[in-house]
Structure formats: C-alpha cells, structure tokens
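Undergrad: My questions are about this predicted structure, shown below with the sequence.
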Amino acid sequence: MEARSAEQLPEHDGPWQYEPKWDGFRCLAFKANRIVDLRAKSGKPLGRYFPEIVALLLKVAVPEFVVDGELVIEREGAFSFDALQMRLHPADSRIRKLAVETPASLIVFDMLAAAAGAVLMDKPLRKRRAMLEAFVKKSGRSEQLVLSPCTTDRDQAKGWLAQAGSGTIDGVMAKRLDIGYASGERAMIKVKRLRTADCVVGGFRYLSNSRQVGSLLLGLFDAEGKLDHVGFTSTISDAERPALTQKLEKLRGRGGFTGKAPGGPSRWSTERSGEWEPLRPKLVVEVRFDHVTGGRFRHGTKLMRWRPDKAPRQCTMDQIAPAPT
C-alpha cells in the first residue's frame with residue numbers, strides 16, 4: 001500500500017491511526033513452509049542482503065504469515081540509511097560480515113496474512129493491527145522484531161512530527177482505521193517535517209549535454225570554520241538558467257568547499273555526476289529540506305529564494321542539527 005504526501009496531518013474524514021514514518025527500507029516479509037522471503041516495495045528480493053532477518057523470522061513460532069514493515073539499522077542512537085545501502089553489495093562474505101557488525105531490525109506496522117494462511121487484506125486496519133500485536137507478542141521479545149507504535153491522538157502524532165527528519169523518524173503516516181489494505185493504491189497519507197536553511201553555493205553542475213547550470217551544490221560552515229558540502233538543489237526554472245549560468249561562471253575558482261567536498265564517481269554515481277565546478281563562497285540561498293542524515297540533506301532540496309542580505313559565514317551547520325528531545 002502506497003502513500004500520498006500532505007503538508008498537515010489529517011483530522012477529518014477518519015477515524016485515523018497515526019504512526020511514525022521510519023527511516024529505512026520498506027519491506028514485505030513472507031513465511032510459509034519454513035521458507036522466508038523478504039521483498040522491497042519494488043518487488044525485488046531483499047533476503048540475500050539481510051540474512052539475519054531471514055534467520056530471525058525462521059525462528060518465530062508462527063508457521064505462516066505476511067507482515068509489512070521497515071528494515072532499519074541503528075548506529076549511535078539513530079537509524080543509518082548509509083548502513084542499509086552498504087548491504088546492497090555483490091559479495092556474500094561482505095554482507096554476512098556486516099550482518100554481524102551492524103545487524104538490522106524489522107519494525108512491523110501491518111499484517112496481510114496470519115497463521116494457516118488467513119488473508120487479512122480485506123479486514124479493516126483496526127482488525128489487522130490487533131492481529132499484528134498478537135503476532136509480535138507470540139513471537140517473543142526481540143530487539144530485531146519491533147512493533148511500531150501507533151496512536152489515534154493527533155497531538156501525540158504532531159509531537160512525533162516535530163522530532164522527524166534527524167535520522168530515526170522520517171515523518172508521520174496517517175491510515176484510516178476502517179479500511180482494508182489497498183495494495184498498490186495511495187491509501188495512506190505521509191507528512192514530513194519541512195524546514196529551511198540558508199546555504200552557501202559552493203559549486204554547481206552543468207545540465208547533461210549542456211553548458212547551462214543544472215544544480216547548485218550547497219555548503220554549510222562547520223565548527224572549525226570549514227565549508228562542508230551538505231547537498232544540492234536543482235529546482236531552477238528554464239527562464240533563469242542563462243543569466244544564472246553567467247553569474248556562476250564569473251565566480252568559478254578555488255575557495256569553495258574547504259571541508260567535505262562533493263564526491264567523485266563511485267558505484268552509486270556515474271562519471272558525469274561526479275563532475276562539478278567549484279565557486280568562490282559568495283552566494284547564499286534559502287532552501288527547504290525534509291531530512292538530514294550524517295550532516296547532509298538526504299534528498300534534493302527546494303530553492304526558496306536568494307539571500308543577498310546574508311553573509312556566507314552566517315550559514316552554519318547548527319541550522320540542520322537534530323531537534324532537541
């Protein structure tokens with residue numbers, strides 16, 4: 001079941017159940033006849049990359065089930081998306097080593113089939129949730145099989161949302177309690193905490209097969225006064241590209257990213273995506289973002305406005321620091 005985005009938590013047309021939106025890999029877990037299969041939202045198999053979760057579910061004292069959840073890996077009190085991506089490795093030996101060093105957990109939030117193959121997809125969420133809670137209880141206590149919390153209290157959900165975007169909770173999901181599991185439909189609502197930050201433009205990339213700007217590379221000054229690359233924005237209109245390209249090309253030179261710089265080519269990026277033009281740190285933009293991981297914007301940001309009134313040195317990392325708990 002998919003979700004559509006909204007700017008606010010729904011309050012009417014319910015009843016609604018609210019849940020944290022976890023920062024991991026969405027996963028359907030199937031078990032039948034001593035066989036466990038993990039599937040990504042795309043349908044691709046995940047079991048090979050998370051052998052510890054397969055082993056865990058084989059030990060669960062329930063012979064058949066299908067659950068919906070999120071694979072996560074915790075590091076230093078926060079979930080690490082980078083650690084999840086490291087699992088997508090071609091070498092089995094590397095995967096099994098990581099499974100021991102940084103074991104994953106499965107946070108479950110829905111149940112599609114119960115013992116003896118009873119299909120629950122037509123049942124309302126309140127019924128599926130009750131079955132899921134009984135399933136987790138029967139499975140025994142485990143740090144690797146976790147029942148996602150939920151609430152019908154919108155104020156509590158707003159509290160979760162206020163803490164989102166710092167490496168554990170990615171936002172809040174809202175689900176109708178009285179409907180079935182609508183596979184492939186956007187029957188849920190996801191709300192993310194949107195924040196803004198003023199960033200230095202430390203470089204840019206050209207559009208593919210073009211000499212016009214395609215994206216701006218964003219930087220923030222760290223505690224030592226070094227400019228670290230923290231992400232990018234590509235929400236530039238075609239009308240402003242020619243003039244902006246000329247403006248940026250006049251600022252090309254050293255002195256841009258003096259700390260962490262944009263990465264070069266890797267198995268996650270093409271040779272073309274590793275090419276970028278350094279700029280003298282003169283320009284400041286305000287961008288909107290939703291999630292920070294490891295001191296970087298997880299996703300592309302939205303360019304809100306240029307900030308000629310802001311000095312580049314005012315653009316510091318504390319703007320994207322985790323919210324206090």
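TA: Thanks, I have the structure now. Numbers count the residues shown, from 1 in each chain.

Undergrad: Tell me which stretches of the stretch 151-300 of the chain form strands.
TA: Along the stretch 151-300 of the chain, counting by DSSP state E, counting those that start in this stretch, strands occupy 169-176, 186-191, 195-206, 213-221, 227-233, 277-278, 284-289, 292-293, 296-297.

Undergrad: Reformat these as a markdown table; add mean neighbour count and mean pLDDT.
TA: Where you see a C-beta, it was placed from the backbone N, CA and C, and this is true even at glycine. Shown next, in a markdown table, are these (neighbours: other Cβ atoms under 10 Å; pLDDT from 0 to 100):
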| stretch | mean neighbour count | mean pLDDT |
| --- | --- | --- |
| strand 169-176 | 23 | 93 |
| strand 186-191 | 18 | 93 |
| strand 195-206 | 23 | 94 |
| strand 213-221 | 24 | 96 |
| strand 227-233 | 23 | 95 |
| strand 277-278 | 17 | 94 |
| strand 284-289 | 20 | 94 |
| strand 292-293 | 20 | 84 |
| strand 296-297 | 20 | 90 |
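
Undergrad: Let's have those in a markdown table, adding distance to residue 139.
TA: Output for the strands of the stretch 151-300 of the chain, formatted as a markdown table (distance: least, Cβ to Cβ, whole Å):
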| stretch | distance to residue 139 |
| --- | --- |
| strand 169-176 | 22 |
| strand 186-191 | 24 |
| strand 195-206 | 37 |
| strand 213-221 | 43 |
| strand 227-233 | 39 |
| strand 277-278 | 53 |
| strand 284-289 | 37 |
| strand 292-293 | 30 |
| strand 296-297 | 36 |
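
Undergrad: And these: which comes nearest residue 121?
TA: Residue 121 sits nearest to strand 186-191 of all the strands of the stretch 151-300 of the chain, at 11.6 Å, using Cβ to Cβ.

Undergrad: Which one, of the strands of the stretch 151-300 of the chain, ends up nearest to residue 86?
TA: In terms of Cβ to Cβ, the element of those nearest to residue 86 is strand 292-293, at 13.3 Å.

Undergrad: what sits against the residue lying closest to residue 24 once chain neighbours are set aside?
TA: Excluding the flanking residues, the one nearest residue 24 by Cβ to Cβ, 6 or more residues apart in numbering is residue 72, at 3.8 Å. Counting by Cβ atoms under 8 Å, 6 or more residues apart in numbering, residue 72 makes contact with 22, 23, 24, 25, 79, 84, 104, 105, 106, 107.

Undergrad: State the distance from the residue lying farthest from the centre of the chain to residue 239.
TA: Distance from the centre of the chain peaks at residue 250, with 35.9 Å (Cα atoms, centre = their mean). As for residue 250, its distance to residue 239 is 20 Å (criterion: Cβ to Cβ, to the nearest Å).

Undergrad: Could you do residue 301 as well?
TA: Using Cβ to Cβ, residue 301 is found at 20 Å from residue 239.

Undergrad: Looking at these two, which is more packed in?
TA: Neighbour count, other Cβ atoms under 10 Å: between residue 301 and residue 239, residue 301 has more, with 24 against 8.
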